[in-house]
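Student: Let's see this in three dimensions:
(2 chains)
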Protein chains: 2
Amino acid sequence: MNEKMLKLGKNRSAIREIFEFGNKLRAEIGAENVYDFSLGNPYPPAPDCLTETLEKLIKNPAVHAYTSAPGAQSVREAVANSISTRFGLAQPSSLIYMTAGAAASLCSVLSATVACKDDKVVVFAPYFPEYKVFIEATGATVSEVMCNDKFLLDRDNLEKALDKNVVALIINSPNNPTGAVYPKENLQEIFDLLEKKEKEYGHPIIVICDEPYRELVYGDIDVPYIPTMCKNSVVCYSYSKVMSLPGERIGYVAVSPNMDNAYDYFSAVCGAGRSLGYVCAPSLFQFAVAENIDKTSDFTTYANNGKTLYNHLTKLGLDCVNPDGAFYLFVKAPFLNAEEFCEKAKKYNILLVPSTSFGVSGYVRISYCVSEKTVNASLPAFTELMKEYK
Amino acid sequence: MNEKMLKLGKNRSAIREIFEFGNKLRAEIGAENVYDFSLGNPYPPAPDCLTETLEKLIKNPAVHAYTSAPGAQSVREAVANSISTRFGLAQPSSLIYMTAGAAASLCSVLSATVACKDDKVVVFAPYFPEYKVFIEATGATVSEVMCNDKFLLDRDNLEKALDKNVVALIINSPNNPTGAVYPKENLQEIFDLLEKKEKEYGHPIIVICDEPYRELVYGDIDVPYIPTMCKNSVVCYSYSKVMSLPGERIGYVAVSPNMDNAYDYFSAVCGAGRSLGYVCAPSLFQFAVAENIDKTSDFTTYANNGKTLYNHLTKLGLDCVNPDGAFYLFVKAPFLNAEEFCEKAKKYNILLVPSTSFGVSGYVRISYCVSEKTVNASLPAFTELMKEYK
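Tutor: Residues are numbered from 1 along each chain as shown, chains lettered A, B, ... in the order given. This is a model prediction of the structure:
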């Protein structure tokens, strides 16, 4: 038996542990009395137009047949056209690989990128904890680079970490867990540095853009499309959040046409998918998202929840990042003791995730993909919780 | 870039190459004039009851949420109950892991089983070519063991291959590409040998049962349920063939409750799924198959096609295995020259796959998951083809 896999299977993620604790609590005191901010399961339903498409598609059982491994050609074209139209980068459909969601996108891309055990992949802390699992599965090492105090990308920290073994970095904007969206200037600093280092080391450094929250932004926020700024880039996308379809496992990999050896790199992504057991992305949902491309769920609840919680918690004296996107609020714990804060919060039936899971200490993540009713009901509980610190 | 993945992505499988040739031919001379026996895409539609369930389920968008990683509890229970009822082995639902189809099942199980580079996994030739890809992805070596001349498992050949580095073997019954179903006595010989070797080497040898064709048998054929005969066994199942849902990627892993350290092994399967990027199996189809458990598509076409082709080809003097299950006919090529036979067949618009892809030479595989009309129309073409050998 493989001991590494045994350990991975036994040590559930901290987020899952808290969620299970929540299930116990819900059974005891009723779901309406538990303020569970632990998980990132989208709250609003899938768009109605998507449900209508599903109703139509399932009348034809041919929709359940294998598509070709990188996806049905019509679906790849719909995705490529959407990218070309929205971002002004001519994206060929032949560089689109449909996947079973964001995790599948990342695993295929990482496995295509990492060539040997000495390779390193940079992640910016705080970061989604499964990055570590996916990177280490390829045999590479995770190199953690701290964001700056505004949770933006830190050029100087990155420069220190950028030795010749770094083959890739993951950029996740809008960000889980901070809700930050990296502005153009911030990204440009990073890409200028990468270009310099690529010349110095004589090999590409692939920018892996993990973008499941791309359309989930609040107000007049621009999310730069990284392949228009950086040639050696590949986008990992998922429809989980934007169409509220997390269980259906549908997303894509888009290789930038400007990448060095883009078509070889694309072949390596296909090969990686094959060796991971991804035969074709779930077919019904390939066709369903293609027919509803650029449609999204209604994000009003997220916008309201973010505002309500940010206003209330800052009024209580807590230091929060004002989220530009995603559905997370990243909050500095009193005395920078996140574990204690989470434990105290449990007494008030508030479930939070300590930032240790995300590679930094002293913060908690509030995942506000819950009903507005739950958020409003939680406010007095937060007030009571903060009295413990008076 | 990872060169191994590049190679895997560039070298398409021989089966896919032939299928693409078929696409070109269809465009030139019309689909009705091409007798394409290359691919294993199921022919009959999904059962009507499944479509009705889908219609009902999609009315509730909650069906698209994440389930827990090993699958929704109600779905795992439905699968476990079906196994317990049909095979008389008390299967706990806590040892059921829902997967994104057979490839995902195999990759998760192999990755949970293989611990180091010296490990070997036995496959019985002829075998499904992707086994090699999946096994080598774990770092293990493929050890090929020839079947006997009736394409049953060969105990003596296996004994020669069973050194102390063998950690697992894959048994695929009903078999792709031969259509053989291994009878109880044939399996018992193998399991007796394994038990002896497990004692000798002091470690378990896991029997991985790849069973996507389990219910697809003709006449009064018994397909023994291996976990009732062999304790260190794990079943990899898929609903692709039995419910004609190959594109939807839905199946399961069932760890035998009698396995040494069954629950640890199950955890390792979960850990492996996690590191391969399998977050949860597609949720809509988890619920859909659970509500239609033990239902199948109508296999009449397959039964008729198998009979028609077997009768016609044997009458033409060809030596075929009479298939007990699956939807393949394995035919000895004249003068054991499979490549020449496939090339000559192309002249008559018949597309066959040479057995070299399956680890043996001298045969061709006919995949008869096509309409009865196509099969009947192909008979004169086979007659003409065989005139070339007169």
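
Student: okay, CA-based contacts and neighbour counts for the rest of this
Tutor: OK.

Student: show me the residues around residue A:115 that make contact.
Tutor: B:1-3 (C-alpha atoms under 8 Å, 6 or more residues apart in numbering or on different chains).

Student: which of those lies closest to residue A:8?
Tutor: residue B:2 (24.6 Å; C-alpha to C-alpha).

Student: Who's the closest spatial neighbour of that closest one, skipping the chain neighbours?
Tutor: residue A:115 (4.3 Å; C-alpha to C-alpha, 6 or more residues apart in numbering or on different chains).

Student: Is there proximity between stretch A:13-25 and chain B?
Tutor: No. Stretch A:13-25 does not reach chain B (C-alpha under 8 Å from any C-alpha of the partner chain); its nearest approach is 9.1 Å.

Student: Could you pull up the mean pLDDT of that stretch?
Tutor: For stretch A:13-25, mean pLDDT is 83.

Student: okay, now residue A:357: neighbour count?
Tutor: 18 (other C-alpha atoms under 10 Å in any protein chain shown).

Student: Which helix or strand contains the residue nearest to residue B:2?
Tutor: Under the assignment given by DSSP states H and E, residue A:115 is not contained in any helix or strand.

Student: Tell me which other helices or strands the biggest helix by length in chain A touches.
Tutor: In chain A, ranked by residue count with DSSP state H as the criterion, the top helix is helix A:184-201. In this structure, helix A:184-201 packs against helix A:155-161, with contacts taken as 3 or more C-alpha pairs under 8 Å, 6 or more residues apart in numbering or on different chains; DSSP states H and E.

Student: Other residues contacting the helix it packs on?
Tutor: A:122, A:143, A:145-147, A:189-190, A:193.

Student: following the longest helix of chain A, which helix or strand shows up next?
Tutor: From helix A:184-201, the next helix or strand downstream (DSSP H and E) is strand A:206-210.

Student: partner strands of that next one, parallel or antiparallel?
Tutor: As defined by DSSP bridges, the strand partners of strand A:206-210 come to strand A:166-172 (parallel), strand A:233-238 (parallel).

Student: Okay, and which of the contacts of residue A:115 map to helices?
Tutor: Per DSSP H, those map to helices at residue B:3.

Student: For chain A, name the helix or strand with the lowest mean pLDDT.
Tutor: helix A:14-29 (a mean of 86; mean pLDDT, DSSP states H and E).

Student: Name the residues of it that are buried.
Tutor: Neighbour counts over helix A:14-29 (16 or more other C-alpha atoms under 10 Å in any protein chain shown) mark A:15-16, A:18-19, A:22, A:25-26 as buried.

Student: Just put those in a markdown table and tack on distance to residue A:138.
Tutor: Compiled in a markdown table, those are given as follows (distance: C-alpha to C-alpha, whole Å):
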| residue | distance to residue A:138 |
| --- | --- |
| A:15 | 23 |
| A:16 | 24 |
| A:18 | 28 |
| A:19 | 28 |
| A:22 | 33 |
| A:25 | 38 |
| A:26 | 38 |
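
Student: wait, which of the residues you listed is closest to chain B?
Tutor: Closest approach to chain B among those (C-alpha to the nearest C-alpha): residue A:16, at 9.1 Å.

Student: mind listing what that closest one touches?
Tutor: Residue A:16 sits in contact with residue A:39, where contact means C-alpha under 8 Å, 6+ apart.

Student: again with residue A:78
Tutor: A:290, A:293.

Student: thinking again about what came up before, for the contacts of residue A:115, pick the one with the most neighbours.
Tutor: residue B:1 (22 neighbours).

Student: Contacts only, for it.
Tutor: A:112-115, A:265, A:268.

Student: want to try a markdown table for the residues you listed, with pLDDT as columns?
Tutor: Formatted as a markdown table, the contacts of residue B:1 follow (pLDDT from 0 to 100):
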| residue | pLDDT |
| --- | --- |
| A:112 | 98 |
| A:113 | 98 |
| A:114 | 97 |
| A:115 | 95 |
| A:265 | 97 |
| A:268 | 97 |
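
Student: Name the nearest of these relative to residue A:307.
Tutor: Looking across those and measuring by C-alpha to C-alpha, the closest to residue A:307 is residue A:113, at 39.3 Å.

Student: Isn't residue A:173 up against residue A:181?
Tutor: Yes. Contact criterion C-alpha atoms under 8 Å: residue A:173 and residue A:181 qualify, at 5.1 Å.

Student: List the buried residues of the longest helix of chain A.
Tutor: A:187-188, A:190-191, A:194, A:197-198.

Student: chain center to it, what's the gap?
Tutor: 23 Å (C-alpha atoms, centre = their mean, to the nearest Å).

Student: report the angle between the axes of it and strand A:206-210?
Tutor: 150 degrees (axes from the mean of the first three to the mean of the last three C-alpha atoms, to 10 degrees).

Student: per-residue pLDDT, the most centrally placed residue in chain A?
Tutor: In chain A, the centroid-proximal residue (C-alpha atoms, centre = their mean) is residue A:212; its distance is 5.1 Å. On the pLDDT scale, residue A:212 is placed at 97.

Student: what residues are up against it?
Tutor: Counting by C-alpha under 8 Å, 6+ apart, residue A:212 has contacts A:102, A:236-242.

Student: In space, what's closest to residue A:201 - neighbours in sequence excluded?
Tutor: Nearest one to residue A:201, counting by C-alpha to C-alpha, 6+ apart, is residue A:164 at 5.9 Å.

Student: Over to residue A:32?
Tutor: Per C-alpha to C-alpha, 6+ apart, closest to residue A:32 is residue A:374, 7.3 Å.

Student: Flag every buried residue along the particular helix or strand that has that neighbour in it.
Tutor: Per DSSP H and E: residue A:374 is located in helix A:372-387. Neighbour-count burial for helix A:372-387, counted by 16+ other C-alpha under 10 Å, picks out A:372, A:374-375, A:378-379, A:381-382, A:385-386.

Student: Same check on stretch A:144-158?
Tutor: So stretch A:144-158, judged by 16+ other C-alpha under 10 Å, has buried residues A:144-147, A:151-156, A:158.

Student: follow-up on the earlier one: packing partners for the helix or strand just after the least confident helix or strand of chain A?
Tutor: Next along the chain after helix A:14-29, taking DSSP H and E as the criterion, comes strand A:35-36. In this structure, strand A:35-36 makes packing contacts with strand A:350-351, helix A:372-387, judged by 3+ C-alpha pairs under 8 Å, 6+ apart.

Student: Next, find the distance separating the residue nearest to residue A:32 from residue A:216.
Tutor: 20 Å (C-alpha to C-alpha, to the nearest Å).

Student: cool, residue A:118 as well?
Tutor: Residue A:118 is 36 Å from residue A:216, by C-alpha to C-alpha.

Student: repeat for residue A:341
Tutor: 28 Å.

Student: Please apply the same query to residue A:15.
Tutor: Relative to residue A:216, and taking C-alpha to C-alpha, residue A:15 is found at 22 Å.

Student: Check what pLDDT the residue nearest to residue A:257 when sequence neighbours are not counted gets.
Tutor: Nearest residue to residue A:257, sequence neighbours excluded (C-alpha to C-alpha, 6+ apart): residue A:91, at 6.4 Å. Listed pLDDT for residue A:91 reads 98.
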